[in-house]
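# Following is a predicted model, sequence given first.
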Amino acid sequence: MSALKKIVFVFGLLLLGICFRSAAQQTIVYSQYIYNGLLINPAYAGSHVQLSATVSYRNQWVNFEGAPQTATLGVHSTVNNSKVGVGLLVTSDKVGSYTNTGVYAAYAYRIQDQRGGVFSMGLQGGFHNFRADFSELNLKAGQDPTFNGTLSELKPNFGGGVFYSNKKFFGGFSVPVILKHAKFFNGGLQQLALARHYYLLVGSILPLDRLDKVKLNSSLLIRAQEGTPLNADINVALIFHNLISTGVSYRTGESFTTLLHFKLSEKFNFGYSYDWITSDIRKFSNGTHEFMLNYRVRIRGIHKDVYCPQPFTR
């Protein structure tokens, strides 16, 4: 593909993203999903082939009291000669006095084509624990007795997705949670009802020189929620020598993001992103930090001599 076609491809993504209006935060929002697709799609399980474990922390809207703080742990690997991917995703999202903890197991069936691409069909199942600790609030006298003490409730859920990737292109569609659970705590807090989200991701990793020392990583993620406008992330990054990646992302109507990703060693990868807020919240917050640390190791008895992709590829 010529340099002109690569430029046209990137600007095509940008123009497509402009067509989508923004909405308020609909669910847990991540910036590092670019390097950890298990956060939004269970079909991503096993995409790193070897055992891959990722921890991340997102401090959203710094200096904004009660703003979301999210910690995640994702572990996945292939088994059965890379025909199957399995994974575990644990998330903890705290917003004000509410905490949402999710634990999900993922299974993906992987089909490899003759050109080296892999098509995966994934399912996940687990539960969310919703906890409200009203002791953290300063309530006025005579307040509704519902808002006293601590409330906790478990809700099961499941979801699915598909994902395809080869050395140059990748794409996927997913619905991570399907059940909405409209009532919580005996119907007292209906605002906690889960929204069903749909994710569509397309992108490419294309060399910019003959020696593949510099690559262009561009992608578009579209989020859809029933009853709200579409929301999109447009991501563009440069990869240098498969060691360092730096780029920018635009989340429609909400923020610009700067992204850095380092391959520290054959086993460790580190990522950092900072969201520069463009919405009205910028009057009260300095932005959003997100950190990611990934560890990968090949287990000889399981992975043998299979090819393991580079940390910047899909």
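Yep, that arrived. Residues are numbered from 1 along each chain as shown.

# From here on, just use CA atoms for contacts and neighbour counts.
OK.

# I'd assumed residue 290 was in contact with residue 273.
Yes. The criterion here is Cα atoms under 8 Å, and residue 273 meets it with residue 290 at 5.2 Å.

# Any chance you could list residues touching both of those two?
Listed as contacting both residue 273 and residue 290 by Cα atoms under 8 Å, 6 or more residues apart in numbering are 31, 32.

# how much space between the one residue sitting closest to the centre of the chain and residue 174?
By Cα atoms, centre = their mean, the mean C-alpha position of the chain lies nearest to residue 33, the distance being 3.2 Å. According to Cα to Cα, to the nearest Å, residue 33 stands 13 Å off from residue 174.

# what is in contact with those two at once?
Listed as contacting both residue 33 and residue 174 by Cα under 8 Å, 6+ apart are residue 40.

# For residue 264, which non-adjacent residue is closest in space?
Spatially, and ignoring its direct neighbours in sequence, residue 264 is nearest to residue 270 (6.9 Å; Cα to Cα, 6 or more residues apart in numbering).

# Against residue 128, how distant is the one you found?
On the measure of Cα to Cα, residue 270 and residue 128 end up 28 Å apart.

# so what's residue 151 bridging to?
Residue 151 has these beta-bridge partners by DSSP bridges: residue 132.

# Dig out what residue 257 forms beta bridges with.
Residue 257 has the following beta-bridge partners by DSSP bridges: residue 249, residue 275.

# number of nearby residues for residue 93?
Residues contacting residue 93 under the criterion other Cα atoms under 10 Å number 20.

# swap in the one 5 residues further on?
Other residues near residue 98 number 19, with proximity taken as other Cα under 10 Å.

# Give me the pLDDT for it.
On the pLDDT scale, residue 98 is placed at 83.

# which phi and psi does it have?
phi -100, psi 140 (degrees, to the nearest 10).

# which residue sits closest to it, ignoring its sequence neighbours?
Per Cα to Cα, 6+ apart, closest to residue 98 is residue 132, 4.6 Å.

# likewise residue 230?
Nearest residue to residue 230, sequence neighbours excluded (Cα to Cα, 6+ apart): residue 224, at 5.1 Å.

# show me what contacts that neighbour?
Residue 224 is in contact with 197, 198, 199, 230, 231, counting by Cα under 8 Å, 6+ apart.

# quick check, residue 301 in a helix?
Yes. Assessed with DSSP: H, G, I helix; E, B strand; the rest coil, residue 301 lies in a helix.

# How many residues are close by it?
Using other Cα under 10 Å, residue 301 is surrounded by 8 other residues.

# for residue 238, same thing?
Residue 238 has 21 neighbouring residues, counting by other Cα under 10 Å.

# Verify the stated contact: it with residue 246.
Yes. Look at residue 238 against residue 246 with Cα under 8 Å: they come within range, at 5.6 Å.

# give me the element the residue nearest to residue 264 is part of.
Per DSSP states H and E, residue 270 falls inside strand 268-277.

# residues in contact with that strand?
Residues outside strand 268-277 that contact it (Cα under 8 Å, 6+ apart): 31-32, 254-264, 286-296, 311.

# Now with 7 Å, please.
31, 254-264, 287-296 (Cα atoms under 7 Å, 6 or more residues apart in numbering).

# and those residues, which are buried?
Among the contacts of strand 268-277, those classed as buried by 16 or more other Cα atoms under 10 Å are 31, 254-263, 287-296.

# what's near enough to touch residue 99?
By Cα under 7 Å, 6+ apart, residue 99 lies in contact with 92, 93, 130, 131, 132.

# 6 Å - rerun?
Listed by Cα atoms under 6 Å, 6 or more residues apart in numbering, the contact partners of residue 99 are 93, 130, 131.

# what's the answer for residue 58, then?
When contacts are counted by Cα under 6 Å, 6+ apart, residue 58 is found next to 69, 70, 289, 290.

# From those, pick the one nearest residue 40.
Using Cα to Cα, residue 70 comes nearest to residue 40 of the contacts of residue 58, at 14.4 Å.

# now the closest one, what's its secondary structure?
Following three-state DSSP, we place residue 70 in the strand state.

# where does it land on pLDDT?
In this model, residue 70 carries a pLDDT of 93.

# same thing with residue 76?
96.

# Give the closest residue to it in space, chain neighbours not counted.
Spatial nearest neighbour of residue 76, chain neighbours left out: residue 87 (3.9 Å); criterion: Cα to Cα, 6+ apart.

# Okay then, goodbye and thanks.
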